[in-house]
Each structure stands twice: as C-alpha cells, then as structure tokens.
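# Provided below are the primary sequence and the corresponding predicted coordinates.
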Amino acid sequence: MPSINGMTDRCKEGVDMKVFEKAPAKINLSLDVLHKREDGYHEVEMVMTMVDLADRIEMQELPRDTIIISSQAGYIPLDEKNLAFQAARLIKDRYDVKQGVYIHLDKKIPVAAGLAGGSSDAAATLRGLNRLWRLGIGTDELQKLGAELGSDVPFCVTGGTAIARGRGEKLEPIESPPQCWVILAKPPINVSTSEIYGKLNAAGIRKHPSTEGVLRAIREKRFDLLCGELGNVLEEVTLDLYPEVRQLKEVMIKLGAEGVLMSGSGPTVFGLVSKETKIPRIYNGLRGFCKDVFAVRLLT
Ligand code: ATP
C-alpha cells in the first residue's frame, strides 16, 4: 500500500493542498454491440476520442475524513450518487487515505448527453487525487479502479483515441483522427444509457458499423473516408424513441456537416467539419433547434 505519510505535515506547514484537472467530453466515432453477454452486459467495440469541451474539477484536501461535492450545475446529484464522489471514496478506501476532500465540479459538458461527462469527472477525480495525495498509482491501476465505477471511465483516465472492447474497459490506444471541427448539439431531452441498451435487440441489429473502416480512415488520415464510415448501433433505438434526434441529424447534414453521428446512447449529435468557414452557418442554424450547441476541436 503506498504511504501517504507527509500529508498532514504538509497541511501543518500551510501548503495549499489543491489540484485541478480537466475532464473532457468523449465522442464515439463508431459504436458496435457484438452480442449480449451472460453477465447481462453488452460486448462492445467502439472507437472513442475526446473533444475540447471539458468540465473543470478542483480538489482541495480537507483535514477530516469526509467528501464534499459542489457544483454550479443544478441538475446533478451532489451526494454519493455523483461519480466524482464515488471515485474519491474508492481511492480513499483502497489506499487507506484518512484525509477528506472538497471537490468542485465546474460543469460544461451537458448531463446525460452521451458525452461521458460523469465518467470523465470520475476519471479526472482519480487522476487528481492520485496527485493530491501522492499515491503513485500507475495508469493501469487507475484504469482498473475506473472500471469499477463505469464502463467509460477507464478510457477517460487516459483519453486520446482508442478502441474499446469488452464492456468498454479493454483499451487499445490508436493514433488521433485527422484534425477537424466538431459541432455538438444536444436536444433538450435526457436519455438514460441503461434504458437504450435495455431496448437494444443485440441479436437483431440491422446494420453493424464498420470498425475496420473507421480505423482505416484514421490510419490513412482520410477525413472524407472517416465521415463516411461513422456508425452507431444505438441510433436504431434512440432515433425511434426520440424522433427529434433523427431530425437533428438531418438538419446538421443539410447545414453542411460532412459526417454526422449520435454519440453514445445520445441524445447529443455531433458533426465533423473540415473548414472553419462553415462553422457559423451550422452553429447558428442549430441554435434554432437547441440551446446546447458547441463548436470545438478534437483533442488530438
Ligand atoms: P455515458 O455516455 O457515459 O453514458 P452520459 O454523458 O450519457 O454518460 P452523464 O452526463 O455521465 O451521462 O450522466 C449520466 C447520469 O449520471 C445522470 O443521471 C447524472 O445525474 C449522473 N451523474 C453522476 N455524477 C455525475 C457527474 N459528475 N456529472 C454528470 N452527471 C453525473
């Protein structure tokens, strides 16, 4: 067990025990479900990458054994249901840390949007507390801890671009996609990931995306090919349940986005755009449909 001796001394010396982490949003360039497993989870194959839209997490040590969460976002739980809280408790329990922590979540990523905001907050909390308490936990171990919190957390620990298999925890890092603009638009509905997976008939999927096609486009740095290969099996479920997501996709294509896909279980739709000059038209056009629209870059 790594030693955390020295923490109290540093507190006594009045050192400001505070760290910050960025928690970026993820998008799926492809999301395939291979089959439903005996344990009830789905065996997935996804290509994930991160975009420059991020929550900012501040972690400050408290001398007493407690975890306090605050956020300016009124619509997330601030108790043990918060994934950042769960991450802090996990690391405290596993590494026998006696100090507490005050965690402030400055939320920028829309909630329940298919952008893994909660998972990224949890991953950032693991990274931040590892630094704050000088625990010396390696990346592999942080990812294993992350897997206990949620399927997308291991990817969010390292970010970058990766193929995720298993429940999402088996990661293979790959090179970044060609740089481009990403327009994100979230219609004003919240979608439950478990509901969407629950309604998916894994044995009857009409069209599987080509993970290999996406990987080839990335390898060959072909933006046009990448746009043509984007695919997400969960669209079958979410687009039928929420026609506004289908409509949003159509609008984004009409406005000139070159590749358009729903991220995760939705409802956020993202559009890949090669030229900055196209952004104002797409951005302004989408603002007529939803409040949550962002024009960001890939985090390559
Ligand atoms: P994923 O794509 O991983 O399924 P998501 O983007 O669809 O995630 P989140 O924003 O992570 O969804 O929120 C999912 C649920 O988690 C919400 O119901 C929210 O109340 C809860 N939640 C717990 N902790 C957080 C957090 N730190 N930030 C956002 N939501 C959180």
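Everything's here; your move. Worth saying up front: this structure is predicted, and the values here are computed from it rather than measured. Numbering: from 1, shown residues only.
# Show the pLDDT at the closest residue to residue 276 other than its chain neighbours.
Once flanking residues are discounted, residue 276 sits nearest to residue 181: 6.4 Å by CB to CB, 6 or more residues apart in numbering. Yep, even glycine has a C-beta here, placed from its N, CA and C like the rest. Residue 181 carries a pLDDT value of 98.
# Do I have it right that residue 181 meets residue 283?
No. Using CB atoms under 8 Å, residue 181 is not in contact with residue 283; the gap is 9.7 Å.
# Looking at these two, which one has more neighbours?
residue 181 (21 against 17; other CB atoms under 10 Å).
# Stretch 83-100 near the ligand anywhere?
Yes. Residues of stretch 83-100 contacting the ligand under CB under 6 Å from any ligand atom: 83, 84.
# pLDDT on that stretch, on average?
Per-residue pLDDT over stretch 83-100 has a mean of 98.
# which parts of it are buried?
Under the neighbour-count criterion of 16 or more other CB atoms under 10 Å, stretch 83-100 has 83-88, 90-92, 95, 97, 99-100 buried.
# and what of stretch 279-293?
In stretch 279-293, counting by 16+ other CB under 10 Å, buried: 279, 282, 283, 285, 286, 290, 292, 293.
# Looking at those, which is nearest the ligand?
residue 292 (11.9 Å; CB to the nearest ligand atom).
# Show me what that closest one bridges to in the sheet.
On the basis of DSSP bridges, residue 292 is bridged to residue 186.
# That one and residue 185 touch, don't they?
Yes. Residue 292 lies in contact with residue 185 (CB under 8 Å); the separation is 6.8 Å.
# Return every residue with contacts to both of these two.
residue 268 (CB atoms under 8 Å, 6 or more residues apart in numbering).
# for the protein, where's the lowest mean pLDDT among helices and strands?
Lowest by mean pLDDT, DSSP states H and E among the helices and strands of the chain is helix 7-12, with a mean of 40.
# how far away is residue 261 from residue 72?
30 Å (CB to CB, to the nearest Å).
# okay, those two: which has more neighbours?
residue 261 (24 against 8).
# give me the element that one is part of.
Taking DSSP states H and E as the criterion, residue 261 maps to strand 259-262.
# and that strand, anywhere near the ligand?
No. Strand 259-262 stays clear of the ligand (CB under 6 Å from any ligand atom), getting no nearer than 11.0 Å.
# which other residues reach that strand?
27-29, 114, 226-228, 230-232, 234-235, 238-239, 245, 249, 252-253, 268-272.
# who does the very next helix or strand once past that strand pair up with?
Tracing the chain past strand 259-262, the next element assigned as helix or strand by DSSP H and E is strand 269-273. When sheet partners are counted by DSSP bridges, strand 269-273 sits next to strand 181-186 (antiparallel), strand 259-262 (antiparallel).
# Using neighbour counts, pick out the buried residues of the last one.
When you say that, I think you mean strand 259-262. Neighbour counts over strand 259-262 (16+ other CB under 10 Å) mark 259, 260, 261, 262 as buried.
# Kindly state the beta-bridge partners for the third one.
Each beta-bridge partner of residue 261 is listed here, defined by DSSP bridges: residue 270.
# one step back: near the ligand too, which of the contacts of strand 259-262?
Counting by CB under 6 Å from any ligand atom, the members of these near the ligand are residue 114.
# Quick one, which of the contacts of strand 259-262 are buried?
When the contacts of strand 259-262 are checked for burial by 16+ other CB under 10 Å, the buried set is 27-29, 114, 226-227, 230-232, 234-235, 238-239, 245, 249, 252, 268-272.
# which ones among the residues you listed are found in strands?
27, 28, 29, 231, 232, 269, 270, 271, 272 (DSSP state E).
# Residue in the stretch 201-300 of the chain with the shortest distance to the ligand?
residue 264 (3.8 Å).
# tell me the contacts of that residue?
So residue 264 contacts 26, 27, 28, 31, 114, 115, 116, 152, 193, 232, 234 (CB under 8 Å, 6+ apart).
# I'm done for today, thanks for sticking with me.
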